[in-house]
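K.L.:
model this:
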Amino acid sequence: QVQLVESGGGLVQPGGSLRLSCAASGSIFSIYAAGWYRQAPGKQRELVATITSDGSTNYVHSVKGRFTIFSDSAKMTVFLQMNNLKPEDTADYYCNIGAWFGGDFRRISNWGQGTQVTVSA
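P.N.:
The predicted structure follows:
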C-alpha cells in the first residue's frame, strides 16, 4: 500500500491562502495521477483537483481560478495551492493516487488522515 501524508491545513481568514502538501514515500506521482479531495461536515467527500503524471490538471468548478494543483520535480509530493479561500472551502482535505477511466477518477489507495482547513473570520 502506498502511504500518503497530508499536511498544511489550518485556520485562515476569508480571502487568505494555504498550501497543502501530500507526501509519498517514493516517486509514486511519476506513475499515477493524484487527486485532492475534501469532505465538509455533513457532506460527501468530493474530488477537488487532479493532476496526471504528465502534468495535466482538472478542477471542480467551484475552485477553478483559485486552487492550483502541482507536483515537485521529484514527483514525490503533490501540492494544492489554495488562494482567495472562502468559508465554503472549510473541510477536511485528503489526497490519493488514482487513474482516469473515461470521465471518472478512481482512487487506488486507502485514505490518509487528511488535513483540516477552516476558513473563518
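K.L.:
please report how far residue 98 lies from residue 108.
P.N.:
Taking Cβ to Cβ, to the nearest Å as the measure, residue 98 and residue 108 are separated by 5 Å. Just so you know, the C-beta spots here come from the backbone N, C-alpha and C atoms, and that holds for glycine as well.
K.L.:
what do these two both touch?
P.N.:
Taking Cβ atoms under 8 Å, 6 or more residues apart in numbering as the contact rule, residue 98 and residue 108 both touch residue 32.
K.L.:
neighbour count winner among these two?
P.N.:
Shown here are residue 98 and residue 108; by other Cβ atoms under 10 Å, residue 98 has more neighbours (20 against 14).
K.L.:
thought that one was touching residue 111?
P.N.:
No: between residue 98 and residue 111 there is no contact under Cβ atoms under 8 Å: 11.9 Å.
K.L.:
and the strands in this structure?
P.N.:
Taking DSSP state E as the test, the strands found in the chain are 4-7, 10-12, 18-24, 33-39, 46-51, 57-59, 67-71, 77-82, 91-101, 104-107, 115-119.
K.L.:
next, the contact list for the residue nearest the centre of the chain, please.
P.N.:
The chain has residue 36 as the residue nearest its centroid, 2.3 Å off, counting by Cα atoms, centre = their mean. Residues in contact with residue 36 (Cβ under 8 Å, 6+ apart) are 20, 22, 47, 48, 49, 50, 69, 78, 80, 93, 94, 95.
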